[in-house]
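1. whatever this is, show me its structure:
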Amino acid sequence: MTFLDKLRAAERQNGSLLCVGLDPEPTKFPAALKGDASRIYDFCARIVDATADLAIAFKPQIAYFAAHRAEDQLEQLMEHMRRNAPHVPTILDAKRGDIGSTAEQYAREAFERYGADAVTLSPFMGFDSVEPYLRHQGKGAFLLCRTSNPGGADLQGQRLADVDGQPFLYEHVARLAQGPWNLNGQLGLVVGATYPAEIERVRALAPTVPLLIPGVGAQGGDAVATVRAGWRPDAPIVVNSSRAICYASAGEDFAEAARREALRTRDALQAARP
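-> Prediction:
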């Protein structure tokens with residue numbers, strides 16, 4: 001089964017476009033866990049268990065684990081998700097971008113060490129920085145395209161004078177992901193929910209690739225506008241919310257509160273589908 005097949009299956013089974021982001025910050029944990037980096041796995045596993053029937057994907061952000069020397073807990077969490085939510089694909093949010101043998105090692109890290117179904121990548125070193133990931137059969141890679149941060153336009157919004165039509169850089173990335181780079185149908189694109197007009201433009205240029213859309217929830221992205229701009233029946237969107245779900249409550253009911261927020265967000269996304 002390909003990564004795209006897994007996404008479609010999870011969308012059908014859970015009736016969901018919602019990706020639950022896992023960005024564990026021990027200072028935000030509830031009182032019994034607060035400040036204890038050794039409890040990252042415990043916190044995240046409870047969020048996973050509370051939302052496993054509501055998500056199209058889970059997206060652990062590797063920096064939040066590595067900063068606390070918790071890579072072993074990330075391995076444990078990935079195994080927990082494979083065992084307890086096997087129908088929900090995992091996207092390792094790593095934003096790697098390097099060439100040659102280094103890219104090969106990053107690909108092994110994502111797909112062999114952690115067992116992720118997909119990974120986020122920076123495409124700005126060119127196709128040879130992406131190709132090593134595509135050697136892993138059935139795995140996916142989401143390329144940064146038009147990101148949700150205010151500074152994204154510094155590069156992504158610049159025109160390419162030497163390319164026919166002088167497209168914006170993000171438009172060129174979208175065309176590459178839809179066309180010549182997408183050798184085995186493994187590529188998707190990252191487009192921020194804070195820019196619905198750009199989502200619509202990317203979808204027009206890349207009509208069949210999955211879109212990973214961060215920025216709904218704490219970053220202020222509009223769920224309805226996001227879905228209307230990007231969702232198509234034959235092209236999944238994966239709309240991520242992290243902080244709004246993980247930290248829906250600072251109390252001992254954090255997992256139950258996470259479920260309530262995930263359910264509310266899932267239903268809002270579903271209702272916005274054309």
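2. how close does G138 sit to V173?
-> Using C-beta to C-beta, to the nearest Å, G138 is found at 23 Å from V173. Every residue, glycine included, has its C-beta placed from N, CA and C.
3. who has more neighbours, those two?
-> Neighbours per residue, other C-beta atoms under 10 Å: of G138 and V173, the larger number sits with V173, 24 against 14.
4. report whether the expected contact of that one with L189 is present.
-> Yes - V173 is within contact range of L189, at 7.2 Å (criterion: C-beta atoms under 8 Å).
5. secondary structure element for the closest residue to I62 other than its chain neighbours?
-> Spatial nearest neighbour of I62, chain neighbours left out: A94 (4.8 Å); criterion: C-beta to C-beta, 6 or more residues apart in numbering. When elements are assigned from DSSP states H and E, A94 belongs to strand 91-96.
6. now do that strand: which elements does it pack against?
-> strand 57-60, helix 62-66, helix 100-108, strand 118-121, strand 140-146 (3 or more C-beta pairs under 8 Å, 6 or more residues apart in numbering; DSSP states H and E).
7. wait, which of the ones you listed is closest to S16?
-> Closest to S16 of the helices and strands packed on strand 91-96, according to C-beta to C-beta: strand 57-60, at 8.9 Å.
8. restricting to C-alpha, output the closest one in CSV.
-> Provided in CSV are the C-alpha atoms of strand 57-60 (Å, rounded to 0.1, in the frame of the first residue of the first chain):
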residue,chain,number,x,y,z
ALA,A,57,-2.6,11.3,10.1
PHE,A,58,-0.3,12.0,13.1
LYS,A,59,2.6,14.4,12.7
PRO,A,60,5.3,14.3,15.3
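9. give me the packing partners of that strand, helices and strands only.
-> Secondary elements touching strand 57-60 (3+ C-beta pairs under 8 Å, 6+ apart): strand 18-22, helix 71-84, strand 91-96.
10. who touches that strand?
-> 7, 10, 19-22, 44, 48, 74, 77-78, 81, 85, 88-93, 117, 212, 238, 240, 242 (C-beta atoms under 8 Å, 6 or more residues apart in numbering).
11. what do you get for stretch 129-142?
-> Identification of contacts with stretch 129-142 by C-beta under 8 Å, 6+ apart yields 1-4, 89, 91, 97-99, 103-104, 106-107, 110-111, 116-123, 143, 181, 183-184, 186-190, 210, 212.
12. are any of those residues buried, and which?
-> Buried by 16 or more other C-beta atoms under 10 Å: 3-4, 89, 91, 97-98, 103, 106-107, 110-111, 116-123, 143, 181, 186-190, 210, 212, out of these.
13. now F168: phi and psi?
-> Torsion angles at F168 (phi, psi; degrees, to the nearest 10) stand at phi -60, psi 160.
14. burial of it, as a residue count?
-> F168 has 19 nearby residues by other C-beta under 10 Å.
15. tell me how far it lies from D42.
-> For F168, the distance to D42 equals 44 Å [C-beta to C-beta].
16. same check on L121?
-> From L121 over to D42 the distance is 30 Å, taken as C-beta to C-beta.
17. got the contact list for S16?
-> If you count contacts by C-beta under 8 Å, 6+ apart, then S16 has A10, L54, A55, I56, R266, L269, Q270 around it.
18. quick one: which of those residues is nearest to R201?
-> Out of the contacts of S16, the member with the shortest distance to R201 (by C-beta to C-beta) is L269, at 20.4 Å.
19. so which helix or strand takes in the closest residue to D234 other than its chain neighbours?
-> Nearest non-adjacent residue to D234, counting by C-beta to C-beta, 6+ apart: T208, 6.4 Å away. T208 is part of no helix or strand when elements are defined by DSSP H and E.
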